[in-house]
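S.K.: Here is my input; please provide its structure:
(one chain, ligands or ions: 2)
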Amino acid sequence: MTRDQRPIPPAPLLETRGLSKAFRGLVALNGHAITVWERDIVGVIGPNGSGKSTLFNVVTGFLKPTAGKVLLRGVPISGRPPAQVSRLGIARTFQGTRLFGQLSVLDNVLVAAQLRHPTSLPGAVLNTAGSRAARRAAADTAHELLALMGLEQRAGQRAASLPYGDGRRLEIARALATRPALLMLDEPAAGLNSGETRALATLIGEVRDRYGVAVIVIEHDMDLVMTLCERVQVLAQGAVIGEGTPAEIQASPRVRNAYLGSESDDAA
Ligand SMILES: Nc1ncnc2c1ncn2[C@@H]1O[C@H](COP(=O)(O)OP(=O)(O)OP(=O)(O)O)[C@@H](O)[C@H]1O
Ligand SMILES: [Mg+2]
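M.R.: Ligands and ions are numbered 1, 2, ... in the order given. Down below sits the predicted model:
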C-alpha cells in the first residue's frame, strides 16, 4: 500500500495537551493531558481545589488557558468563547445549579434546544414553514429529554420550585438539548442521597447508550465513579497523578496517598 492509501486514523473526540491555567500566582491546572474517544465515560476525581472545575472551564471556553491546547476531533478550539464551543458539540453542567429559575422546566430545555434548531429573526416574524419546523423540532427534543429525565410531569412548573434532585436532572436535560458529542458533568450527584445517586449513574449510562455521547464526569461520590466510569483520571494540585480503570485507580498507592487515603483505609 502506498503512503497515500493508508487510512487516516480517527482523531480522538477530545484531547488536551499541556493544558495549564494560572490565576495570578496560583497554578490551578498544570500541564493537563487527556484523550477521550466517542462514547467514552471518563471520571475525573481529585481533592478539593485540585483543578477539576478549572479543567472544565478551560475546555468549555469559560476560561482561557495560560498554556496548552484543547483539540476537538483534532481541531484546536482553545480560547473560543463558550457559545462557540457549545455549537461545536461540547455541553456542560456547573458545580452549582444554574437554571433559569423563573422560567418553566420546559422553557429551560427549549432555550437550549433552540440553539440547535435556530430560527432566523425574519423567519420567526413571518412565521415561515422553516421556522415552524425548527420550533417543532426544538419542542420535540425538549419533551423527549424531559421524559427521559422523569420530568415531563413538571414541564409547566417554574424551575426554581423543583426539588433539588429534579433540578440537577433538568440541568442535564438542558445540556443534552444542544445535542452534544461530549457531555461534561461537574459533580452531578452533589447533594443527592445514595438512592438518587445510584439512579443518576444508571441514567447517565442510558444517556450515553441512547445518544452516543461521550461523558466526562467530575464526582466526589466514589460509588458513582467506580460503577459508571470506564476510565478514571486523578488530579492533585492541577496535575494528573493517575489514570486507569476504576480498579487500577483504587489499587494505586500514589492515588491512595493523595486522595483516597482515609477512605480506602476505612474500606480495608
Ligand atoms: N476564577 C478563579 N480565580 C482565582 N482562583 C481560582 C478561580 N477558579 C479556581 N481558582 C482556584 O484554583 C484552584 C482549583 O480550583 P477548582 O475549582 O478547579 O478545583 P476543584 O478541583 O474543582 O475543587 P472542588 O472539588 O472543591 O470543586 C483552587 O485553588 C481555586 O481556589
Ligand atoms: Mg469543582
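
S.K.: contacting residues for the closest residue to ligand 2 within the chain?
M.R.: Here the chain gets closest to ligand 2 at one residue, residue 53, 3.1 Å apart by Cβ to the ion. (Glycine included, C-beta is placed from N, CA and C.) Taking Cβ atoms under 8 Å, 6 or more residues apart in numbering, we find residue 53 in contact with 95, 186, 218.

S.K.: Among these, which one sits closest to ligand 1?
M.R.: Proximity to ligand 1 was ranked across these by Cβ to the nearest ligand atom; first place goes to residue 95, at 5.6 Å.

S.K.: Remind me which helix or strand the closest one belongs to.
M.R.: Under the assignment given by DSSP states H and E, residue 95 is not contained in any helix or strand.

S.K.: give me the number of residues near it?
M.R.: 14 (other Cβ atoms under 10 Å).

S.K.: from memory it sits against residue 188, does it?
M.R.: No - between residue 95 and residue 188 there is no contact, the gap being 9.5 Å when judged by Cβ atoms under 8 Å.

S.K.: For the contacts of residue 53, give me JSON lines that also has pLDDT.
M.R.: Conversion of the contacts of residue 53 to JSON lines gives the following (pLDDT from 0 to 100):
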{"residue": "95", "pLDDT": "90"}
{"residue": "186", "pLDDT": "96"}
{"residue": "218", "pLDDT": "97"}
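
S.K.: re the thing from before, tell me the SS of the residue of the chain closest to ligand 2?
M.R.: Three states are possible here, and by DSSP: H, G, I helix; E, B strand; the rest coil the one that applies to residue 53 is helix.

S.K.: ok, now residue 227?
M.R.: Put simply, residue 227 is helix when judged by three-state DSSP.

S.K.: Please give the element, helix or strand, for the nearest residue to it once chain neighbours are set aside.
M.R.: Leaving aside its chain neighbours, residue 227 sits nearest to residue 201 (5.4 Å; criterion: Cβ to Cβ, 6 or more residues apart in numbering). Under DSSP H and E, the secondary-structure element containing residue 201 is helix 194-211.

S.K.: Ok, residue 114 next?
M.R.: Taking DSSP H and E as the definition, residue 114 sits inside helix 105-116.

S.K.: Pull the distance from that helix to the chain's centre.
M.R.: 17 Å (Cα atoms, centre = their mean, to the nearest Å).

S.K.: same thing with stretch 18-32?
M.R.: Once both centres are worked out by Cα atoms, centre = their mean, stretch 18-32 turns out to sit 21 Å from its chain's centre.

S.K.: That concludes my questions; thank you for your assistance.
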